[in-house]
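# got a sequence here, can you model it:
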Amino acid sequence: MKPRGLFFLALLLALAVAPAASQDQRRLMPGEITGFVQFSGPQGSMNSVIIYLEDDMGSVIQQITPQGTGRFEFRGLQRTRFRVSAKAPGYREYVTTVDLTLMPRANVILALHPEKTADERKPTGATGPALVAAESFQIPPEARAEFDSGQKAAQEGKTEEAIRAYRRAVEIYPQYCEAYEGLGTLYMDQQKWSEAEENLKRCIEINGQYASAHAALGALYNRTGRPDEAIPSLERSLELNPNAWQAHFELAQALLAKGKAQEAEPHARRAREMEPKQPLTHLVLGNVLLRKNDLAGAKQEYQSFLEVSPNSPLAGQVREKMAQMEKQAVQPAAARTQASPVPRNAQREFTEGKKSLEQGQLDPALAHFRKATEIYPEFVEAHHMRGTVLLDQQDYPGAEEAFRRCLEINSNFAPSYTGLGTLYNSQRKPAEAAPLLEKAAELDPSAWQAHFELAQTRLALRQPKEAEAHAQRAHDLDPKNPLVHVLLGNVFLVEKKLPSARQEFQHYVELDPNGPLAPQLNAKIKEIDSALAGPASPPN
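Numbers count the residues shown, from 1 in each chain. Take a look at the predicted model:
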């Protein structure tokens, strides 16, 4: 179901200002930084690695040695910025900056690269991958200097400066794989997916053995809704580095998106085994087991998620999901989509209705869906599609009747809760829409439409903090949909986060320059630019 353009435009033009969530509230939850140390080239000893946690002034707060797997963690931290670095004899120091101001948790990879020269590292008669690895020691000093400058700028949050430095590095040395990967990662952070993909692929062309680049490319494909392309990239990453939990995690998600829960399970379990204190590994395994109808196993993983991260932004949804699973265990019949197989003639009418709908022929589609429900009155999907067409035709009473009939048959059919919530949003009834959309998101947390509509509901109810969480989720699930960027920009605008709002509005214009909202958004961008240039520009 597509968001309604007119309703959305009205929302854009009628924004009300509400206070942003206070930083003091965000700082109540202690922060934590977890991650892994990885050696680029020959495997070093983790016992020789020292990891330093420093504050913004460079004072060392803690220093630790990673576990044998390379894993490390810092817990009970203040909600501020930190500098994390790793050192080991014979390897260049790796430094990164972590900002816990907005989110309480961060996960980082500390990549250590040898300091030795190519002649010292190149074995006699080496071929294949060993020669490829040796190329990394032939980097000209000028290119290395630009790369180091790029790393430093990235760590300081100076993204554009870092990008310029990495570009100069590859201009000096066009075979600089790490610099291309750095560019790809930064472009991913900016959601410039085509630029990120181009640079990550260039890195892989230079060095096909670079596991982290394959993993990053797979993650990019996941973020842009391309699981078919993500799967081979992530499988290749795991061939090169079977111990990268992130690659297992991403591959599990990609396989689950393709409906391959059986294949996703071993990767989700491997990620969980390697990183049991990372709450998302429990969540993805729980989702896999739920898809397999293993309610007991899913419940156990969701419970582990809550134990590891009881105050996570997702904790409420997980608790609601567990409560729903308890109801399903008591009333398993309610979870069935259909009480019996759909008759062939009803299925045929339903298929013809979908074809008509795809061709934009609403009246013929409606006739087919009605015929399907006449043949088989318990046909859940046909009732839902009948409601969808009637909603598009603004026949609100008819749409409501169809959606409610669907839910009478199957009270766990998430799309019809979304349909009802969308209907009430269209009628400016956010208080009635809210519980229906919450139910839809509970039943299917990966449905971007439910999060999209729920964000609009919360915004209409003057609840920008809750709206931001759902708008961000819709954005993550469907980043190429221009309207999710407008929605997220609206939320940021209400929260007075002007630079972030500007960035989202700009994303819409880039994705759909001739879209119906482009003129209004271009004007809004100019207003934001004027406000930011003034003496009293609001902080982001």
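# contacting residues for the residue positioned nearest the centre of the chain?
The centroid of the chain falls nearest to residue 476 when counting by Cα atoms, centre = their mean (4.1 Å). Applying Cβ atoms under 8 Å, 6 or more residues apart in numbering, we find residue 476 in contact with residue 223. Quick note: C-beta positions are derived from backbone N, CA and C, even for glycine.
# name the element it belongs to?
In this assignment (DSSP states H and E), residue 476 forms part of helix 464-477.
# quick check: angle from the helix or strand just after that helix to helix 464-477?
Going down the chain from helix 464-477, the next helix or strand is helix 482-494, by DSSP H and E. Put simply, helix 482-494 runs at 150 degrees to helix 464-477, going by axes from the mean of the first three to the mean of the last three Cα atoms, to 10 degrees.
# quick check: mean pLDDT of helix 482-494?
Mean pLDDT, helix 482-494: 87.
# with just CA atoms, put it into CSV.
Output in CSV follows, covering the C-alpha atoms of helix 482-494 (Å, rounded to 0.1, in the frame of the first residue of the first chain):
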residue,chain,number,x,y,z
PRO,A,482,11.5,9.3,-1.6
LEU,A,483,8.6,9.8,0.8
VAL,A,484,10.4,8.2,3.8
HIS,A,485,13.0,10.9,3.5
VAL,A,486,10.3,13.6,3.5
LEU,A,487,8.8,12.0,6.6
LEU,A,488,12.1,11.8,8.4
GLY,A,489,12.9,15.3,7.4
ASN,A,490,9.5,16.5,8.8
VAL,A,491,10.3,14.8,12.2
PHE,A,492,13.7,16.4,12.3
LEU,A,493,12.2,19.8,11.5
VAL,A,494,9.7,19.5,14.3
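# and the helix or strand following it, how far out from the chain middle?
Per DSSP H and E, the first helix or strand lying C-terminal to helix 482-494 is helix 498-511. Put simply, helix 498-511 sits 18 Å off its chain's centre (Cα atoms, centre = their mean, to the nearest Å).
# next, the buried residues of the helix or strand hosting residue 300.
Using DSSP H and E, residue 300 maps to helix 295-308. Using 16 or more other Cβ atoms under 10 Å as the test for burial, helix 295-308 gives 295, 297-299, 301-302, 304-306, 308.
# show me where the stretch 301-450 of the chain has helices.
315-330, 344-358, 362-375, 380-392, 396-409, 414-426, 430-443, 448-460 (DSSP state H, counting those that start in this stretch).
# and these as a markdown table, adding mean neighbour count?
A markdown table is the format used below for those (neighbours: other Cβ atoms under 10 Å):
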| stretch | mean neighbour count |
| --- | --- |
| helix 315-330 | 15 |
| helix 344-358 | 16 |
| helix 362-375 | 19 |
| helix 380-392 | 24 |
| helix 396-409 | 18 |
| helix 414-426 | 25 |
| helix 430-443 | 21 |
| helix 448-460 | 26 |
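# tell me how far residue 249 lies from residue 284.
6 Å (Cβ to Cβ, to the nearest Å).
# list residues touching both of those two?
With Cβ under 8 Å, 6+ apart as the test, residue 249 and residue 284 both reach 268, 271.
# mind checking how far stretch 255-275 is from the chain centre?
17 Å.
# buried sites along it?
255-257, 260-261, 263-265, 267-272, 274-275.
# pLDDT of stretch 440-455, averaged?
Mean predicted lDDT for stretch 440-455 stands at 87.
# CSV please, covering the helices of the stretch 301-450 of the chain and showing distance to residue 84.
Formatted as CSV, the helices of the stretch 301-450 of the chain follow (distance: least, Cβ to Cβ, whole Å):
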stretch, distance to residue 84
helix 315-330, 26
helix 344-358, 51
helix 362-375, 56
helix 380-392, 49
helix 396-409, 49
helix 414-426, 40
helix 430-443, 34
helix 448-460, 32
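# great, nothing more from me.
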